[in-house]
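Colleague: my questions concern the predicted model and sequence given below.
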Amino acid sequence: MERNVSSLAIVLHSIRYGQMNRRLKLLTVDFGLIDVVSYGARKSLKAVKGDVFSDGQFFLYHNPVKRDYTLKDVQVIATHDEIRSDLGSNYAALFFCELVMKTNGGDSASQYRLLSTALDLLCSQPNLVARILIQFVLRLLDVCGLQADYARCPICERVYGQQEIIQFNAQLGAPCCQQCATLDSGMILGPGARRYLTLTKEMDYHRAVEIALSEQATLRIKAYMLRYALILSGGQLNTLSGGMLQTLF
Ligand SMILES: [Zn+2]
């Protein structure tokens, strides 16, 4: 009845399951988001590694009747252990994982590629964590099919003026011009931020985080993207509730 399957995947979440085991949440390329039980994961030295942020080829038993997955082996591509040694990177990575679990939309191969690159960047450039975060949310919007357009209003289709400040339409979940906006979203974006987002959106992720941004602009756009992430996930994200990501970097 059971059959062997495998997929590229990233561990998003891990909790204790019984005395010795762990239940993992994986973002897989081939099966989307799945729960996987790792037996004996807590004590045995021989237990298969499946720590949060691990990226690799996961080998599983799938029982289609019970509809569950058991972890058999992992060929690790990257453990991303470095993330845990930097507080800001650690919070950002947990936020990325939670956001992927909450939005669970769009194509899982694209989500996997985006998260894999974001975790790599947090390891190699922990000093750029704010820009990595801004670009993660910006790119996730696209993966989820929300084509946030910073060049023209998606409702009245008018191209924004050079100095125009744009607002937000809550029903559409997208930025728009002042006339088309719903009230009180607090999602306001100035022309400089709009230019930065339009310019970097089309770039490769690695290249986009290299583009310089003033400290003040970084803080403002980060706050905007965190707010956008909350709207995208239905108003509740545990990783934002403590306020650490808003203030830490
Ligand atoms: Zn409009």
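Modeller: Here it is on my side, so go on. Computed from a predicted structure; not experimentally measured. Residues are numbered from 1 along each chain as shown.
Colleague: so where's this protein shaky on pLDDT?
Modeller: Applying pLDDT under 70 to the chain picks out residues 1, 41-48, 105.
Colleague: give me the domain ranges for it.
Modeller: What automatic domain parsing lists as the domains of the chain is 3-78, 81-247.
Colleague: for the ion, which of these is the nearest?
Modeller: Between the ion and those, the tightest spacing by Cβ to the ion is seen for domain 81-247, at 3.2 Å. All C-beta spots, glycine's among them, are computed from the backbone N, C-alpha and C.
Colleague: with mean neighbour count added, can I get the domains of the chain in CSV?
Modeller: As requested, the domains of the chain are arranged in CSV below (neighbours: other Cβ atoms under 10 Å):
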stretch, mean neighbour count
domain 3-78, 17
domain 81-247, 17
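Colleague: so how far is residue 84 from residue 60?
Modeller: Distance of residue 60 to residue 84, computed by Cβ to Cβ, to the nearest Å: 25 Å.
Colleague: show me the strands in this structure, by range?
Modeller: Per DSSP state E, the chain carries strands over the ranges 3-17, 21-28, 32-38, 55-63, 68-78, 167-169, 174-176.
Colleague: which residues of the protein lie near the ion?
Modeller: By Cβ under 5 Å from the ion, the part of the chain that sits against the ion consists of 153, 155-156, 177, 180.
Colleague: those residues: which two are farthest apart?
Modeller: For the residues of the chain next to the ion, the farthest-apart pair by Cβ to Cβ is 155 and 177; their separation is 7.5 Å.
Colleague: wait, residue 104 touches residue 32, no?
Modeller: Yes. In this structure, residue 104 is within contact of residue 32 by Cβ atoms under 8 Å, at 7.4 Å.
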